[in-house]
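> Predicted structure and sequence below. I'll ask about it afterward.
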Amino acid sequence: MTSEALQKTQLHGRHAALGARLVPFAGWEMPVQYEGVIEEHLAVRRSVGVFDVSHMGQVRTSGPEALKFLQRLTSNDVSKIEVGGAQYGLLCAEDGGVLDDLFTYRLADDVYLTVTNAGNHRADFEQFSRISADFEVELFDAAESTSMLAVQGPAARELVERLADTPLPQRMRAASGTVAGQRVLIAGTGYTGEDGVELILENESAVAIWDALIDAGAVPCGLASRDTLRTEAGFHLYGNDLDTSRNPIEAGLGWACHEQTGFVGSEAVAAARANGTDQRLMAFVMTGPGIARAGSGVVGGGTVSSGTHSPSFGYGIGMAYLPASACESGTEIEIDVRGKVRTAEVRPRPLYRKAD
């Protein structure tokens with residue numbers, strides 16, 4: 001895809017003015033870094049950073065059968081989401097393969113907002129539309145009219161509270177409010193392993209809120225530090241740790257699946273849960289030199305799905321699908337890193353936990 005065909009968020013000009021390195025990502029031209037990956041990563045771990053994640057998609061579902069529809073569509077038990085609540089779930093194919101991972105917010109009794117991954121949004125919305133034909137619901141694709149900012153770090157809530165007109169919702173809760181004089185949905189969610197919020201807003205409000213956050217001291221952060229942060233925290237990246245060839249059980253996401261709801265793919269997921277899987281997703285740390293990257297083979301069986309240098313720890317880390325025999329914490333494994341065998345040790349996820 002040429003740069004002329006890439007979509008741009010409402011903040012593209014702000015990113016360029018800040019000297020961000022802009023790269024193609026999932027059909028968008030997005031900032032991969034500003035000052036540097038390590039600096040931005042540590043800003044989030046130590047203070048507060050802000051990410052433009054407006055490339056993510058949003059689907060609004062409403063109507064008398066909205067709950068029934070979402071129970072069929074997504075893997076988790078949507079009935080457990082209270083108004084003002086949030087829930088992680090999966091979109092699965094009939095064979096149990098993962099089409100996407102999602103966050104769903106319940107805005108009112110019969111109104112929900114689901115956030116999709118950018119590269120999957122079009123296919124996701126088609127799946128929403130196909131399944132909705134059997135239910136009394138209305139769908140609205142809000143991707144083109146909506147922006148999204150993630151404010152993350154131990155000082156994130158304090159910073160946003162100074163700009164907000166209401167107390168911020170707690171973790172896995174969401175509430176409407178005003179930030180920097182602009183109406184937003186404030187969600188206590190994130191993708192970094194730190195506390196913070198995600199702000200979902202109309203496009204017209206994006207520049208004003210971004211400027212206010214930067215002026216208040218938030219460090220602008222790009223996709224590269226978002227990736228190192230989520231890898232430390234053990235969060236999946238679709239296309240790396242999740243895809244249609246993997247089911248939720250082997251990905252360690254059985255907790256987000258409630259087969260009794262009858263979601264698409266539930267029978268296959270139930271079978272995988274009952275019978276076990278040949279491989280499981282595990283975290284690892286390099287015990288010697290080298291950084292394993294996605295696609296690196298594990299000696300004796302297995303594949304690295306995500307790998308990077310950890311700015312928090314100072315050495316290589318990652319996640320890999322490993323045979324059941326290699327999944328015990330402390331197991332030593334060997335990884336082919338660019339033709340050289342490097343040593344690593346299996347660890348439980350997440351590798352990083354925020355300070356209390």
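Received, thanks. Computed from a prediction, not measured in an experiment: that's the story for all the values here.

> For the closest residue in space to residue 174 that isn't next to it in sequence, list each beta-bridge partner.
Leaving out its chain neighbours, the residue that sits closest to residue 174 by CB to CB, 6 or more residues apart in numbering is residue 187, at 4.1 Å. To be clear about C-beta, it is placed using only N, CA and C from the backbone, and glycine gets the same treatment. Beta-bridge pairing of residue 187 under DSSP bridges involves residue 174, residue 198.

> do the same with residue 88
Beta-bridge pairing for residue 88 (DSSP bridges): residue 103.

> and if you look at the one 4 residues further on?
Beta bridges link residue 92 to residue 98 when assigned by DSSP bridges.

> Would you agree it is in contact with residue 101?
No: under the criterion of CB atoms under 8 Å, residue 92 makes no contact with residue 101, lying 10.1 Å away.

> Just the pLDDT for the residue nearest to residue 174.
Predicted confidence (pLDDT) for residue 187: 98.

> ok, it - contacts?
Residue 187 makes contact with 86, 103, 105, 169, 173-174, 197-200 under the criterion CB atoms under 8 Å, 6 or more residues apart in numbering.

> one more time with 10 Å
The neighbourhood of residue 187, defined by CB atoms under 10 Å, 6 or more residues apart in numbering, consists of 84, 86, 103, 105, 113, 115, 148, 150, 168-169, 171-175, 196-200.

> Got a quick PyMOL command for the buried subset of those residues?
A single PyMOL command is used to select the members of the contacts of residue 187 judged buried by 16 or more other CB atoms under 10 Å:
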select buried, resi 86+103+105+113+115+148+150+168+169+173+174+175+196+197+198+199+200
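
> For the stretch 1-150 of the chain, which segments count as strands?
Ranges of strands in the stretch 1-150 of the chain, per DSSP state E, counting those that start in this stretch, are 21-25, 28-33, 49-52, 57-62, 86-92, 98-108, 111-116, 138-141, 146-152.

> Go through the ones you listed and pick out the most buried.
Looking across the strands of the stretch 1-150 of the chain with neighbours counted as mean count of other CB atoms under 10 Å, the highest average goes to strand 49-52: a mean of 28.

> ok, that strand: who's next to it in the sheet?
Using DSSP bridges, strand 49-52 pairs in its sheet with strand 146-152 (antiparallel), strand 219-221 (parallel).

> Next, format those as CSV and append mean pLDDT and distance to residue 131.
Below are the strands paired with strand 49-52 laid out as CSV (pLDDT from 0 to 100; distance: least, CB to CB, whole Å):
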stretch, mean pLDDT, distance to residue 131
strand 146-152, 98, 22
strand 219-221, 98, 36
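
> Looking at those, which is nearest to residue 256?
Taking CB to CB, strand 146-152 is the member of the strands paired with strand 49-52 nearest to residue 256, at 20.4 Å.

> That closest one relative to strand 111-116, how many degrees between them?
Following axes from the mean of the first three to the mean of the last three CA atoms, to 10 degrees, one obtains 70 degrees for the angle between strand 146-152 and strand 111-116.

> quick one: residue 70 from residue 221, how far?
Taking CB to CB, to the nearest Å as the measure, residue 70 falls 32 Å from residue 221.

> OK, contacts around residue 64?
109-110, 135-137.

> What's the PyMOL syntax to select whichever of these are buried?
Listed next is the PyMOL selection for buried residues among these, using 16+ other CB under 10 Å:
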select buried, resi 110+135+137
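
> right, and out of the contacts of residue 64, which lies closest to residue 275?
Nearest member of these to residue 275, counting by CB to CB, is residue 135, at 31.4 Å.
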